[in-house]
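*Asks:* Have a look; sequence and predicted model below, questions after that.
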Amino acid sequence: MASKATKQLPHERRKGEAALSDFAEYVEKQQALRYPSSSSRAAASSSATAPSAQSQNDVDHHEELDDILDSLNLSDPAPRVRLRDLLLSAQGDAESLQKLVDVLDERLVEGHGETVFDLGFEHNGDSMKLTREEWATAYTRMVEAAKKLRADCQLLLTKNVGGDLDGTPTKDMECSGKVMIRQAPATVEEVIETRIAVVGNVDAGKSSMLGVLVKGDLDDGRGRARVNLFRHKHEIETGRTSSVGMEIMGFDTKGQVIVSDTPGRKLSWEEIGKRSAKVIGFTDLAGHERYLRTTVFGLLSSSPNYCLLMVAANNGLIGMSKEHLGIALALNVPVMVVITKIDICPPNILEQTITQITRILKSPGARKIPIFIKNREECINTATQFVSQRICPIFQVSNVTGENLDLVRTFLNILPHHGRYDADAPFEFHVNDTFSVPHVGTVVSGIVKSGVIHAGDDVQIGPDSLGRFTQTSIRSIERKRLGVPAASAGQSASFALRRVRRKDVRKGMVVLSKSPDGAAPKVFREFVAEVLILSHATTIKTKYQAMLHVGPVSQTCAIIDVDRPFIRTGDRATVAFRFVQRPEYLAPGDRLLFREGRTKGLGIVKSVGYDPSKPLMPTNEDGDGGAPGEAAAPTEVEVGA
C-alpha cells in the first residue's frame, strides 16, 4: 500500500513539472536582485526617480531581449561608422584602423576577454555583401586590429569563401564568417575562467570523458583515462567517484587545447595555467545514490556556469541522472548533454535513449529545445547562441574511438561567459574546502561571490558555533595553483590565512572584508524562504526537519512556521526555517535545496530573521488566502534593501 501511495499520478506529475519551471523563473528574478549586473545597476539608478510602475517593469524586463536589442544596435542613438568601411579602408589609414580597434576593444571588455565576431555583417545584422577579395582584405584588417589589443584571431566557420572551414553555401554567394578573437592575458589573474559541473548516473563515463579531454589520449575501454582523476584508493578499485573531483582544461589564444607534447603525460595545473588564455574548470561529481549529499554540495557550492549531463547510450536517462537534471534546472544552470559509449551500443537502444532524452527535455518541467550536434557548423552556431537558456545541445561521443570528441572541444572553446557577479559590491567569499599546508598554514578554497580582494588585506572569517567572526588577513592568494596578487567576483581561488587554525574553519563559512566601523557581520539562526516541494510521500508541517543546502552550507533545519496548514508535493509556500546546530551567514536571494530520504524541495531566501509575533499564517484566519500576502510585504523591503 505504501508504494502505491508514493507513486505519482500523471496529473500530479504534470502539476509538479509546471510548478518547477515557474519557480525557476521566480528564482532567476530574485537572483537578479541578489547579484545585480553593472548594466542593471545603472538602469536602477537612472530609474530611481521614476514611478513605481516603471520600476516594476525594470524588474520584469527580459534579459535575452535586451541582449538582442543591444546586438542589433537599436538602443544606441549615436550614429556609428559602418564596419564595412573600417574593414575595407586603405592599408595606411591609421584613423580607420584605430576605430576598428576601439570596436574590438568594446566587444572584448563585454565578453570578459573574448568575443565571436560575425565578419560580413554590420552591427544591426545587415550583410556587407563581401566578395572573396574583399573578405580576404577584411580578415587581414581584423587580424591587424586584434594584434594591437594583444589578441589572436581564430577562424571558426566561413560561408562561400572556400577551404576546409566553409559551411553550407548560401544562395546569394556573399562571403561571411565567424571569427573568435581572444586576448592574451597580461597576468595570470586575467585568465578567462568557466566552471562546469559534470553530473550523471553511476557508470555514465563522467571521469573517463574528463580524463580523455584533459590528457588528449583516448581510453582503452577499461578505465585507463579516469585513473588520474581519482583521489582515493577505493575509487581506483571500484571505478566510482565518491568525492568532488576537480580538473582543468586550458585553451590558448588561438583556441588550441593545452596538452603535453609527450603522449600519455598529464600536465600539472601550474603548466596549464601559465600557458592558457581560457581555463575550463570541471567539477567531477559522484553519480551513485549513496553520495547524493556530496553531489548536491558540489553543485551548490561550486557555483557552476554550466552543467554537463552525461548519459550512457546503453542505459539511458536513469537513476540519479533525473535527480541531477532536476537540480540543474531548478538552479537555472544552462545544461548540455553528452551521450557516451556509442561505440558499444546497438543502434536500436541508442535510438530509444535519444527519444527518451528528447521527451524529458521537452517536458513542461524542463522546457528545453534539444539540438543534436553532428557537425562543426551546427556546433559553432549552437555555441554562439548558448546564452539562451532554452537551448540544450546534445553530443554523441565515444571515449574509446574518439568519435565527435573534437566537436565537444570546439564547443567548450567557444562557450560564452555566463553568470551573475558583482565586482563593485563588498567582498564576499564562500568556503568550499579547508586545508592545512606545511610551511603555509591554514588554507581555504572556494568562490569569490562579489567584490575584489588583494593579498595582505584584512578580512574576517566565520561564523563559528556561537555566530562570531575571527579577524585575520590574507597571506597569499592562488588561482588554479598559481600565485596571484588579487581575486575578483566570479573566480575560484584559495587563500592562505594568518593566525587561524585549521580546526577553527569549516565548509560553509564566509570570508568578508573588514567593516570600517568594526561591527561584526550579522548572522541568523532563522530565515524565511519561498519553497517548492518536488517530492514528498505525505504532508509537511511545522517541526519537520531536513538537511538544508544553501551554497556551501549544509546543516539540518527545522520548519518553525508555514503560511498554510500543510504542504505536499507540487506545492509552493512561504516557510520559516531554523538552523538546528548553529547560525549561518545568509542573504535574501540565496538559493537553497533541502532533502530528507525521498523528500526533495527547492527554495530561495526571501528574508533573514523571523518574528514570532508576526506568524506567516495568523491563527485568527483559516485558509491560506491572506497569509502569504501579509508575510510578503516586509520581505520585499528586505530583499530590495
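*Replies:* Received it, and whenever you're ready, just let me know what you need.

*Asks:* For my notes, confirm Ala136 occurs in a helix.
*Replies:* Yes. Read with DSSP: H, G, I helix; E, B strand; the rest coil, Ala136 is one of the residues of a helix.

*Asks:* Just the pLDDT for it.
*Replies:* Ala136 is assigned 92 on the pLDDT scale.

*Asks:* any chance you could map the strands in the stretch 451-600 of the chain?
*Replies:* 452-454, 458-462, 470-479, 482-484, 486-488, 492-497, 510-513, 526-535, 545-550, 553-562, 572-579, 591-596, 599-608 (DSSP state E, counting those that start in this stretch).

*Asks:* right, and these - which one's nearest Val259?
*Replies:* strand 482-484 (18.2 Å; CB to CB). (C-beta placed from N, C-alpha, C; glycine too.)

*Asks:* Show me which residues of that closest one are buried.
*Replies:* Buried residues in strand 482-484, counted by 16 or more other CB atoms under 10 Å: Leu482, Val484.

*Asks:* same question, stretch 267-284
*Replies:* Buried-residue list, stretch 267-284, by 16+ other CB under 10 Å: 267, 269, 272-273, 276-284.

*Asks:* just to revisit the earlier point, I'd like the strands of the stretch 451-600 of the chain laid out as a markdown table, including distance to Ile327.
*Replies:* Below are those laid out as a markdown table (distance: least, CB to CB, whole Å):
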| stretch | distance to Ile327 |
| --- | --- |
| strand 452-454 | 30 |
| strand 458-462 | 28 |
| strand 470-479 | 27 |
| strand 482-484 | 31 |
| strand 486-488 | 27 |
| strand 492-497 | 20 |
| strand 510-513 | 23 |
| strand 526-535 | 9 |
| strand 545-550 | 10 |
| strand 553-562 | 14 |
| strand 572-579 | 17 |
| strand 591-596 | 7 |
| strand 599-608 | 8 |
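
*Asks:* Adding mean pLDDT and distance to Ala146, write those out as CSV.
*Replies:* Output for the strands of the stretch 451-600 of the chain, formatted as CSV (pLDDT from 0 to 100; distance: least, CB to CB, whole Å):
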stretch, mean pLDDT, distance to Ala146
strand 452-454, 94, 28
strand 458-462, 93, 39
strand 470-479, 94, 26
strand 482-484, 90, 25
strand 486-488, 92, 25
strand 492-497, 94, 28
strand 510-513, 94, 37
strand 526-535, 89, 47
strand 545-550, 90, 43
strand 553-562, 92, 44
strand 572-579, 93, 50
strand 591-596, 84, 39
strand 599-608, 87, 42
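
*Asks:* so is Leu20 in a helix, a strand, or just coil?
*Replies:* Leu20 is classified as helix under three-state DSSP.

*Asks:* What of the one 10 residues further on?
*Replies:* At Gln30, secondary structure determined by three-state DSSP is helix.

*Asks:* returning to that earlier point: which one of the strands of the stretch 451-600 of the chain lies nearest to Arg376?
*Replies:* Smallest distance to Arg376 across the strands of the stretch 451-600 of the chain (CB to CB): 30.6 Å, for strand 492-497.

*Asks:* what angle separates the closest one from strand 470-479?
*Replies:* Inter-element angle recorded for strand 492-497 and strand 470-479: 130 degrees (by axes from the mean of the first three to the mean of the last three CA atoms, to 10 degrees).

*Asks:* in this structure, which helix or strand is least confident?
*Replies:* Lowest mean confidence among the helices and strands of the chain (mean pLDDT, DSSP states H and E): helix 627-640, at a mean of 35.

*Asks:* which residues touch the closest residue to Arg409 other than its chain neighbours?
*Replies:* Nearest residue to Arg409, sequence neighbours excluded (CB to CB, 6 or more residues apart in numbering): Val257, at 5.9 Å. Residues in contact with Val257 (CB atoms under 8 Å, 6 or more residues apart in numbering) are Gly216, Met249, Gly250, Phe251, Arg409, Asn413.

*Asks:* Compare the residues you listed and tell me which is most surrounded.
*Replies:* Neighbour tally across those (other CB atoms under 10 Å): the maximum, 26 neighbours, falls on Phe251.

*Asks:* Which residues are in contact with that residue?
*Replies:* By CB under 8 Å, 6+ apart, the neighbours of Phe251 are Arg182, Val257, Ile258, Ser276, Ala277, Lys278, Val279, Ile280, Leu412, Asn413.

*Asks:* one more time with 7 Å, if that's ok
*Replies:* Contacts of Phe251 were listed using CB atoms under 7 Å, 6 or more residues apart in numbering, and they are Val257, Ile258, Ser276, Ala277, Lys278, Asn413.

*Asks:* excluding its backbone neighbours, what's nearest the third one?
*Replies:* So that's Ser276. What sits nearest to Ser276 in space, not counting adjacent residues and going by CB to CB, 6+ apart, is Gly250, at 3.1 Å.

*Asks:* and that neighbour, what are its bridge partners?
*Replies:* Val279 (DSSP bridges).

*Asks:* Quick check: pLDDT value at it.
*Replies:* We note a pLDDT of 93 for Gly250 in this prediction.

*Asks:* Ile280 is in contact with Glu247, correct?
*Replies:* No. Under the criterion of CB atoms under 7 Å, Glu247 is not in contact with Ile280, lying 9.0 Å apart.

*Asks:* and the residue most central in space within the chain, how far is that from Phe395?
*Replies:* Centroid check for the chain by CA atoms, centre = their mean gives Asn305 as the closest residue, at 1.6 Å. Computed as CB to CB, to the nearest Å, the Asn305 to Phe395 distance reads 18 Å.

*Asks:* try Pro521
*Replies:* 44 Å.

*Asks:* more crowded one of these two?
*Replies:* Counted by other CB under 10 Å, Pro521 and Phe395 do not tie: Phe395 has more neighbours, with 21 against 17.

*Asks:* Can you pull the phi and psi angles for the more buried one?
*Replies:* Phi and psi for Phe395, reported as degrees, to the nearest 10, are phi -110, psi 150.

*Asks:* Kindly report the same for Leu100.
*Replies:* Per degrees, to the nearest 10, the backbone of Leu100 is at phi -70, psi -40.

*Asks:* wait, what's in contact with it?
*Replies:* Leu100 sits next to Leu86, Leu87, Arg141, Ala145 when contact means CB under 7 Å, 6+ apart.

*Asks:* Which pLDDT value does the model give it?
*Replies:* On the pLDDT scale, Leu100 is placed at 93.

*Asks:* buried stuff in stretch 504-517?
*Replies:* For stretch 504-517, burial by neighbour count (16+ other CB under 10 Å) applies to Val505, Arg506, Lys507, Gly508, Met509, Val510, Val511, Leu512, Ser513.

*Asks:* circling back to that earlier point, wait, the residue nearest to Ser276 touches Lys274, no?
*Replies:* No. Contact criterion CB under 7 Å: Gly250 and Lys274 do not qualify, at 9.1 Å.

*Asks:* Using CSV, write out the CA atom coordinates for stretch 183-199.
*Replies:* Extracted C-alpha coordinates of stretch 183-199, given in CSV (Å, rounded to 0.1, in the frame of the first residue of the first chain):
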residue,chain,number,x,y,z
GLN,A,183,43.0,38.4,-25.7
ALA,A,184,46.3,37.1,-24.3
PRO,A,185,46.0,37.7,-20.5
ALA,A,186,48.5,40.2,-19.3
THR,A,187,48.7,38.5,-15.9
VAL,A,188,47.5,35.1,-14.5
GLU,A,189,44.5,36.6,-12.8
GLU,A,190,43.1,37.8,-16.1
VAL,A,191,42.7,34.3,-17.5
ILE,A,192,39.1,33.6,-18.5
GLU,A,193,37.5,31.1,-16.2
THR,A,194,34.4,29.0,-16.8
ARG,A,195,33.2,26.4,-14.3
ILE,A,196,31.3,23.3,-15.5
ALA,A,197,29.7,20.7,-13.1
VAL,A,198,29.8,17.2,-14.6
VAL,A,199,26.8,15.1,-13.4
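
*Asks:* could you give the mean pLDDT of it?
*Replies:* 88.

*Asks:* again with stretch 284-301
*Replies:* Computed over stretch 284-301, the mean pLDDT rounds to 72.

*Asks:* before we move on, back to that, now the contacts of Leu100 as CSV including distance to Thr358, neighbour count and secondary structure?
*Replies:* Formatted as CSV, the contacts of Leu100 follow (distance: CB to CB, whole Å; neighbours: other CB atoms under 10 Å; DSSP: H, G, I helix; E, B strand; the rest coil):
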residue, distance to Thr358, neighbour count, secondary structure
Leu86, 44, 23, helix
Leu87, 42, 23, helix
Arg141, 44, 20, helix
Ala145, 43, 24, helix
